[in-house]
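# give me the fold of what follows.
(chains A and B)
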Amino acid sequence: MSDYKVKFEIFEGPLDLLLYLIKKEEVDIYEVNLTRLATQFIEYIDTMRLLDLEIAGEFLVMAATLMYIKSRELLPVDQQVETDGEDDGEDPRWELIRQLVEYKKFKDAAGQLGVLEARQESVFPRVPGKLEFEAEGPARAEASIFDLLNAVNLVLARFGQRGDQRDIFEDKWSVSEKIEHLMRALNERQRLKFSELFEGVTSRTEVVVTFLALLELIRLKQIAAVQEQPFGEIEICRAAPVAASAPVPTPPEPVAEQEPAGPDSGGGASGEAQAGEGVPGGAVESAAISSAPAPNSNQQTA
Amino acid sequence: MELKFILEAILFSAQKPLSLKELRDVFAGAVEHAEGNETVRGLKRVKEEQLTAALEELAREHEAAQRSYRLVCVAGAWQFVTQPEYAAWLKALVGHRARPPRLSQPALETLAIIAYRQPITRAEVEQVRGVAVDGVMQTLLERGLIEQLGRAELVGRPMTYGTTAVFLEYFGLRNLEDLPAADELRRIPVQRPESLATADPGLATAPPEQLNLPNEHPGPSEGN
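Okay, the predicted model is just below:
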């Protein structure tokens, strides 16, 4: 028996190993003898140890559960400890079987997905992947920060002077919410016009927040702002996936979480949005500041 | 002129899969080119149900005619695709399609759990699989097959995950109802059998009939 070789399957986890053992026994999951299963499971763990494989903690937890079940079953029914309320009388055997059945179902479902995946590889759509005859559109110029600022100033002008009547709104939007909103909108449609971004906005603050979200996404290379022709409408689309040389996008920094109404948050966000471009950064900052409710505006409420 | 043949003509020359909304736009736009054609005017405001019914009939007809291609709805958009049997020639024709490598077994299992149980938290996935799934989830997120849906109203407000349109496209599914055995695996909890009273040492629990499973499964097949 010295040349006896263990063919070791790679098991995804303890449940996978248990299913394998049950299948070897050729019995239904519900009919399995958990006591014997426990013995086999622990033999396997011993083998793993012999082979110097690292045993993941999950296997040990499962071994402990099985030992517990086994020890319970060694006692006659009338001498078993009544679990007082703690476990609600939940039978650990049933708990394990339930888990196994559920896992087995998903394992089967995964197998079916695998079949679908392989099949889909052989299915060809009406149109081949690349359309070589598709004319390359005119080179899309990327809109500069100045183009964007001009555009946002036009929008802000809409919220310009509105007499001496003022309403005070709470700041409903945060930059991160607007980022999510923007990404969702771009999921639904390939491209958005710049003006469409600001169609529903109700306040200067919201314009600024939306604009900051836009700058942040451009900085993270998630989206691109393009201008087909000089002075044309700026359009927003998803950025083409950049090569690995691009810096790893950092998640929006905490600054973006804050309301941009305060001067400091406006400065921080603009600084990170376009580091090194002093003029636009300053412009954004001033926009953010001016959007903050001035102290005396409170008294002007009609 | 029948609606289904108009749809066939549109989809035949379409550049990409068309959703019902896009198809309706086509019908609305056709009026400009109507030139007194009553059929075109009549179909200007065609309802989505009408379109679906006509498309499904068309798909059935193509299926029955056993053509080398069929009409399918993937992720809500209709298109003509070839039957898998002809893959060899088509691969030679269009070259290798850019398709990412196949998913690993752990990835498929994790994806299946998320697909059937979404929205689901990472902890819940781990509970079903019995192992940690961090790396696998990361891969699935990177490939755009799953996405964050929101946060669960649980302690710590953990993220919940669900599948994306890319997932449907990747597996050629119409919608989530189209998943294999969707009605059984989605949501329906495993019932505790009544007859658990057989607590004799070493004796098996009686199998409840409604939950008997097929014995074969695509797991490891070789024993030692």
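# show me the shaky parts of the chain.
Using chain A here. For chain A, the stretches flagged by pLDDT under 70 are A:1-10, A:52-56, A:77-90, A:126-141, A:160-171, A:230, A:240-302.
# think we crossed wires, I meant chain B
Those would be B:96-98, B:182-224, if you go by pLDDT under 70 across chain B.
# could you count how many residues lie near residue 179?
Went with chain A since none was named. Neighbour count for A:Ile179, taken as other Cβ atoms under 10 Å in any protein chain shown: 22. Using the backbone N, CA and C atoms, a C-beta is placed for each residue, glycine as well.
# my bad, the chain I had in mind was chain B
Number of residues near B:Leu179 (other Cβ under 10 Å) recorded here: 23.
# state the phi and psi torsions of it.
phi -60, psi 150 (degrees, to the nearest 10).
# what's the closest non-adjacent residue to B:Arg151?
Excluding the flanking residues, the one nearest B:Arg151 by Cβ to Cβ, 6 or more residues apart in numbering or on different chains is B:Arg157, at 4.3 Å.
# past whichever strand or helix holds B:Ala112, which element shows up next along the chain?
Element membership of B:Ala112, judged by DSSP states H and E, is helix B:105-117. Elements were assigned by DSSP H and E; along the chain past helix B:105-117, the next helix or strand is strand B:120-121.
# just checking, what packs against that next one?
Contact here means 3 or more Cβ pairs under 8 Å, 6 or more residues apart in numbering or on different chains; DSSP states H and E; on that basis strand B:120-121 packs against strand B:159-163.
# name the residues that touch the strand it packs on?
B:111, B:114-115, B:118-122, B:125, B:137, B:145-152, B:176 (Cβ atoms under 8 Å, 6 or more residues apart in numbering or on different chains).
# on that earlier part again, what's the burial count for the residue nearest to B:Arg151?
Neighbour tally, B:Arg157, other Cβ under 10 Å: 11.
# same check on the one 3 residues further on?
Here the number of neighbours of B:Thr160 (other Cβ under 10 Å) works out to 19.
# give me the nearest residue to it, chain neighbours excluded.
Using Cβ to Cβ, 6+ apart and skipping the chain neighbours, the partner closest in space to B:Thr160 is B:Pro119 (3.7 Å).
# how about the contacts made by that neighbour?
By Cβ under 8 Å, 6+ apart, the residues touching B:Pro119 are B:Leu149, B:Gly150, B:Ala152, B:Thr160, B:Tyr161, B:Gly162.
# most surrounded residue in those?
B:Tyr161 (24 neighbours).
# re earlier: out of the contacts of B:Pro119, who's nearest chain A?
B:Gly150 (10.3 Å; Cβ to the nearest Cβ).
# mind checking the SS state of that closest one?
Following DSSP: H, G, I helix; E, B strand; the rest coil, we place B:Gly150 in the strand state.
# got the contact list for it?
B:Pro119, B:Met159, B:Thr160.
# what about 6 Å?
By Cβ atoms under 6 Å, 6 or more residues apart in numbering or on different chains, B:Gly150 lies in contact with B:Thr160.
# extract the C-alpha set from the helix holding B:Ala112 and format it as CSV.
Output of helix B:105-117 as CSV, limited to C-alpha atoms (Å, rounded to 0.1, in the frame of the first residue of the first chain):
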residue,chain,number,x,y,z
GLN,B,105,-15.9,27.6,-10.8
PRO,B,106,-15.8,29.8,-7.7
ALA,B,107,-16.7,32.8,-9.8
LEU,B,108,-19.6,31.0,-11.4
GLU,B,109,-20.9,29.8,-8.0
THR,B,110,-20.7,33.2,-6.5
LEU,B,111,-22.3,34.8,-9.5
ALA,B,112,-25.2,32.2,-9.4
ILE,B,113,-25.9,33.0,-5.8
ILE,B,114,-25.9,36.7,-6.5
ALA,B,115,-28.0,36.4,-9.6
TYR,B,116,-30.7,34.4,-7.9
ARG,B,117,-30.7,36.1,-4.5
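# packing partners for that helix?
helix A:92-121, helix B:134-142 (3 or more Cβ pairs under 6 Å, 6 or more residues apart in numbering or on different chains; DSSP states H and E).
# what's the angle from that helix to strand B:159-163?
Angle, helix B:105-117 to strand B:159-163, by axes from the mean of the first three to the mean of the last three Cα atoms, to 10 degrees: 100 degrees.
# in contact with A:Ala224, which residues?
Per Cβ under 6 Å, 6+ apart, neighbours of A:Ala224: A:Cys237, A:Ala239.
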